[in-house]
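Enquirer: kindly return the folded structure for what I paste below:
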Amino acid sequence: MKTLRWGASLPKTMALALVAGLAGCASDGTAASDPSAAGDVIAADDVATTDDATAGDATTESPTWQGEIGPIVAKRCMSCHQEGESAPFALETVDAMRTYATAAVAAIEGGRMPPWMPDRECRSYADERLIEPAELDLIRAWIAADMPEGVAAGAAPVAPDRLTFEPTHEGRSAEGYLPNPALPDDWRCFVLDVDIDRDYYMTAATVVPDAKPVVHHALVYAVDGSLRESLDEADAKEPGAGYTCFGGPNPSTSDGGSGIAAGFTGASGFPNQLAAWVPGIQPTVFPDGTAIRISKNSVIVMQVHYSTLTSEPILDRSTFQMRLTETKPEFLYQTKPLAIPSIAIPAGEPASTHTRVFKNWSSSPVTLTGGTGHMHLLGQFIEAQVEREGQPEECLVRIPNWDFNWQQAYRFLPGDEAVIAPGDGVRLTCTFDNSAGNQAVVNGEQLAPRDVTWGESTLDEMCLFYVAVVRPYEEPEPTSTTPCDSTDACVAKCDDPRSIGCVFGCEETSVSCLTCVAKSAQSCATSCLGTLLSARDCLVDCGVGATAFGSGFDACLSDSCPDAYSAFTACMDPKIAAGDCDAALTGCGVTFPE
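Expert: Have a look, this model is predicted:
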């Protein structure tokens, strides 16, 4: 049962916790620029024991705070359990650890701490929040030995290392924001005062929270400059700094959704996520030669989730810091969504499972360096696996017990990246529990089960998996006035250039181009469009896969919905050959050779 409360001013949705970069109470303080250290753990036979200073017995081999326990606590716990961070108490001293040691062991044994959702049988990740059995045995032995401090008694507390970088740009909102005390969860977006006057490449970033007791997490996006006016209007309409937003940086609409419904529509497409912050997280520092491109005139928007459940409202003016360069990198880092927007979860159904396979229909392999799952309150299980013909499946992420409050990104270990070759696919599976006992409690009353579909409200659902993609650098596409401009050269090379299959088969064909062509068919070939729309789910799935892995609509549609696609091309091609659709398709940027 999940308890939600709404203030009078909040629409009947709760803010969407879309945390593509969420890392929770990040693990071990190891520098992210040294991935080989991220998986290190302290095993019992890897640590040297130290004499108990108080006992003075040279034969004593019980673990001590200074010898073994302090480093374990620093690595596994102190990123959250230190002064000024999110945990309710600090564990920076031997006396503090003595106070909470027994409770800590119980929390570890019960699987409550440290919070870590993935199935360990799936794969290993960087910065895992895991206590190894040997480490837990050392803590138990330390308690049994009356928790000695060790020979270095009086030394400074062991503290986790922090990764640092020198920022070149930073931004914050024009004024501070005081969270609404009527809302236990207050989601607010702020347009930051950063001028992106040219194309930049971001090599490092971090959020510096101002009012840590109320800042639950933050996400930062680069939004297309064409949306600047709508963002400013949203800011001006609401009192105080910023504007209300769910699920992303786009202004919320009157129906509780956002300006880019489900993140898949809208002229400017999916926003470019730059960074995330949660208590204890390390700054993001990309390996040499890798960066995120931030296009000229982008608007930097920071979405902050404020929680006043455990603190009075505090004025906040958090800062976003970046290291930007104009030097083009060798590789570009991007996050791409795989989604099943057709989910339909019947009321009362305790295990509603939904699965899709998204293939790489392009001609090039795609390298994945991580992944992030996302569901809402009914989510129970999520899994992403690579399917390769004739080979065992490769698990990317499997979360057997989904927890809405612990969403995060999982980075693969160096050398353990997943390569999605042409013809390979990623199978996404989500299971939801819509039974009566798993409904949210709103204002003290548990909701009755209802049919649930895809939506941005927290009481709607999503089945999403974001893949972190690293590709060789490519120049940005030139600004075009029509969505299909880039297809001209490809169309001219086709064996049958006056064929709709030629346009759909071009790897340069984007989702926006396909959408424009389909809409154009309404005016020149209305009867043809119905055959294609009869396979709507197939169209959406092929579009989602193309967004993540590259184009290849012709191959995807031919494989996934061959009858509908064949009927569509058989209907369209004669009309194209006769020139009936030339005017309509020219508006999309499609020009057929004479």
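
Enquirer: buried residues of stretch 184-198, list them for me.
Expert: For stretch 184-198, the neighbour count (16 or more other C-beta atoms under 10 Å) marks Pro184, Asp185, Asp186, Trp187, Arg188, Cys189, Phe190, Val191, Leu192, Val194, Ile196 as buried. All C-beta atoms are positioned from the backbone trio N, CA, C, and that covers glycine.

Enquirer: measure stretch 445-459 end to end?
Expert: Stretch 445-459 has an end-to-end distance of 14 Å (criterion: C-alpha to C-alpha, to the nearest Å).

Enquirer: before we move on, the earlier item: out of the buried residues of stretch 184-198, which are inside strands?
Expert: Asp185, Asp186, Trp187, Arg188, Cys189, Phe190, Val191 (DSSP state E).

Enquirer: could the buried residues of stretch 184-198 go into TSV alongside distance to Glu135 and pLDDT?
Expert: Below are the buried residues of stretch 184-198 laid out as TSV (distance: C-beta to C-beta, whole Å; pLDDT from 0 to 100):
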residue	distance to Glu135	pLDDT
Pro184	35	74
Asp185	34	77
Asp186	38	84
Trp187	37	84
Arg188	39	91
Cys189	40	93
Phe190	40	95
Val191	45	95
Leu192	41	95
Val194	42	94
Ile196	45	95
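
Enquirer: just these now: which is nearest Ile399?
Expert: Distances from Ile399 to the buried residues of stretch 184-198, taken as C-beta to C-beta, are shortest for Asp185 (22.0 Å).

Enquirer: show me what that closest one is bridged to.
Expert: Note on Asp185: beta-bridge partners by DSSP bridges are Ser307.

Enquirer: wait, it sits on His305?
Expert: Yes - if you go by C-beta atoms under 8 Å, Asp185 and His305 touch, sitting 6.6 Å apart.

Enquirer: the helix or strand hosting Met302 packs against which elements?
Expert: Using DSSP states H and E, Met302 maps to strand 299-307. The contact analysis (3 or more C-beta pairs under 8 Å, 6 or more residues apart in numbering; DSSP states H and E) places strand 299-307 against strand 185-191, strand 215-223, helix 228-237.

Enquirer: work out the gap between that strand and the centre of the chain.
Expert: Put simply, strand 299-307 sits 15 Å off its chain's centre (C-alpha atoms, centre = their mean, to the nearest Å).

Enquirer: so it versus helix 228-237, what angle?
Expert: 40 degrees (axes from the mean of the first three to the mean of the last three C-alpha atoms, to 10 degrees).

Enquirer: after strand 299-307, next one along is what?
Expert: For strand 299-307, the succeeding helix or strand toward the C-terminus, using DSSP H and E, is strand 319-325.

Enquirer: can you give me the angle that following strand makes with strand 185-191?
Expert: Using the same axes, to 10 degrees: strand 319-325 against strand 185-191 is 40 degrees.

Enquirer: so how far is Leu428 from Ala578?
Expert: 42 Å (C-beta to C-beta, to the nearest Å).

Enquirer: neighbour-wise, which of the two wins?
Expert: Leu428 (26 against 10; other C-beta atoms under 10 Å).

Enquirer: and the helix or strand encompassing that one, how far out from the chain middle?
Expert: Applying DSSP H and E as the criterion places Leu428 in strand 425-432. What separates the centre of strand 425-432 from the centre of its chain is 16 Å, taken as C-alpha atoms, centre = their mean.

Enquirer: in stretch 570-579, what counts as buried?
Expert: For stretch 570-579, by 16+ other C-beta under 10 Å, it's Cys571, Met572, Asp573, Lys575, Ile576.

Enquirer: please read the previous query as pertaining to stretch 532-549.
Expert: Applying a neighbour-count criterion of 16+ other C-beta under 10 Å, the buried positions in stretch 532-549 are 532, 535, 538-549.

Enquirer: please flag which of those residues sit within helices.
Expert: 532, 538-549 (DSSP state H).

Enquirer: still on that earlier bit, from the buried residues of stretch 532-549, which is closest to Tyr333?
Expert: Within these, the smallest distance to Tyr333 is 13.9 Å, found for Ala548 (C-beta to C-beta).
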